[in-house]
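S.K.: Compute the structure for the input listed below.
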Amino acid sequence: MKLLKKKTSIITGCNGGIGQKILEKFAENGSDIIACVRKIDKNFVKKANLFSKKFKSDIKIFQLDLADENSLKDCFKKIQNSTRKIDILVNNAGTLENSLFQMTTKKKMVEIFDVNFFNTILFTQLVIKKMPKNKNSNIINLSSSSAFEGNKGRFIYSSSKAAMNIATKTLVKEVSRLGIRVNLISPGLINTKMLKNFTSNEMILKTLKRIASQKLGTPEDVANATVFLASDQSSYINGHNLKVDGGLFEEELF
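M.R.: Have a look, this model is predicted:
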């Protein structure tokens, strides 16, 4: 059964490890997709065309750089001209930064918040206007276990994700009357290039000891959860933070 048949979805950050798997799973489940990426390269276009042909899904690719407010406005104008409705928005795009509190400059704070929060919110404001008021639209924001963990060295990243968490909670109370559901997904340790590039082996091993499943998650784990929240099977789930972290126990401070 195709859970997203006849639905049109926007997915941001489609060329990352998690984003590309969400793209594949949405195509597999029958959604037509507006795939937003920061840079359109040949490898991604080839992969998107493969998914489109394999699953008979209409996949349109647009450039979206969330570090640039003008880019998101230009991108949305093109999206408006290419589709008559948007049923689902998956705010997956994000950036990660390792820096201690005392070493984090205001410039870096603004850079991270622009991508992970401010411009994602501005893009969401634009998309909501295009969502049909048919009690079937929904928004899924990708957060992180860092939002409640407050990991050392992730001061500004964790803060930006925590901001998205509370914004989502507030948004639910404002747009549910329009028939739009809003939910969060908070991945834990997911086996991606981003994890390997920004997290030391020592930290990964230390965190694994606090995960009940005793293993890293996969992009597919996150993608499957996203499909579920995007589908009508979750029609009575609203304002929920779905943790895809294998059962992450809280860290003892001392």
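S.K.: The spatially most central residue of the chain and P219, how far apart?
M.R.: Central residue of the chain (C-alpha atoms, centre = their mean): N92, 1.9 Å from the mean position. Between N92 and P219 the distance is 11 Å, computed by C-beta to C-beta, to the nearest Å. C-beta coordinates here come from the backbone N, C-alpha and C atoms, glycine included.
S.K.: ok, now I128?
M.R.: 27 Å.
S.K.: Ok, K85 next?
M.R.: 28 Å.
S.K.: what's the answer for K130, then?
M.R.: Going from K130 to P219 by C-beta to C-beta gives 27 Å.
S.K.: before we move on, what about N70?
M.R.: 30 Å.
S.K.: Which one's more surrounded, those two?
M.R.: P219 (20 against 8; other C-beta atoms under 10 Å).
S.K.: Which secondary structure element is home to the residue nearest to the more buried one when sequence neighbours are not counted?
M.R.: In space, and not counting its chain neighbours, P219 is closest to K21: 3.7 Å by C-beta to C-beta, 6 or more residues apart in numbering. Assigned by DSSP states H and E, K21 belongs to helix 17-28.
S.K.: now the helix or strand following that helix: mean pLDDT?
M.R.: Next in sequence after helix 17-28, counting helices and strands by DSSP H and E, comes strand 32-37. Mean pLDDT, strand 32-37: 98.
S.K.: How about residues contacting strand 32-37?
M.R.: By C-beta atoms under 8 Å, 6 or more residues apart in numbering, the residues outside strand 32-37 that reach it are 7-15, 23, 26-27, 44, 48, 57-64, 75, 79, 82-83, 86, 93.
S.K.: So for stretch 127-137, what gets flagged as buried?
M.R.: Judged by neighbour count using 16 or more other C-beta atoms under 10 Å, the buried positions of stretch 127-137 are 127-128, 130-131, 137.
S.K.: pull the CA atoms of that stretch into CSV?
M.R.: Written as CSV, here are the backbone C-alpha positions of stretch 127-137 (Å, rounded to 0.1, in the frame of the first residue of the first chain):
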residue,chain,number,x,y,z
VAL,A,127,4.5,27.0,2.2
ILE,A,128,1.5,27.2,4.6
LYS,A,129,-0.2,29.6,2.2
LYS,A,130,-0.1,27.0,-0.5
MET,A,131,-1.4,24.2,1.7
PRO,A,132,-5.0,23.1,1.0
LYS,A,133,-7.4,23.6,3.9
ASN,A,134,-8.7,20.0,3.7
LYS,A,135,-7.8,18.6,7.1
ASN,A,136,-5.0,16.6,5.5
SER,A,137,-2.0,18.8,5.2
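S.K.: Quick one: residues in contact with it.
M.R.: By C-beta under 8 Å, 6+ apart, stretch 127-137 touches 10, 76, 79-80, 83, 85-89, 139, 175, 178-181, 232, 235.
S.K.: so where's the stretch 151-254 of the chain uncertain?
M.R.: Low-confidence segments of the stretch 151-254 of the chain (pLDDT under 70): 251-254.
S.K.: And the helix or strand harbouring S158, how far out from the chain middle?
M.R.: Using DSSP H and E, S158 maps to helix 155-175. Put simply, helix 155-175 sits 13 Å off its chain's centre (C-alpha atoms, centre = their mean, to the nearest Å).
S.K.: repeat for stretch 137-152
M.R.: With C-alpha atoms, centre = their mean, you get 9 Å for stretch 137-152.
S.K.: what about it, how long is it end to end?
M.R.: 37 Å (C-alpha to C-alpha, to the nearest Å).
S.K.: What of stretch 63-75?
M.R.: End to end - C-alpha to C-alpha - stretch 63-75 spans 7 Å.
S.K.: swap in stretch 12-19?
M.R.: 7 Å.
S.K.: so where do the helices sit in the protein?
M.R.: Using DSSP state H, the helices of the chain run over 17-28, 42-55, 69-82, 106-113, 119-128, 146-149, 155-175, 193-198, 201-208, 219-230.
S.K.: Low-confidence regions, the stretch 1-150 of the chain specifically.
M.R.: Those would be 134, if you go by pLDDT under 70 across the stretch 1-150 of the chain.
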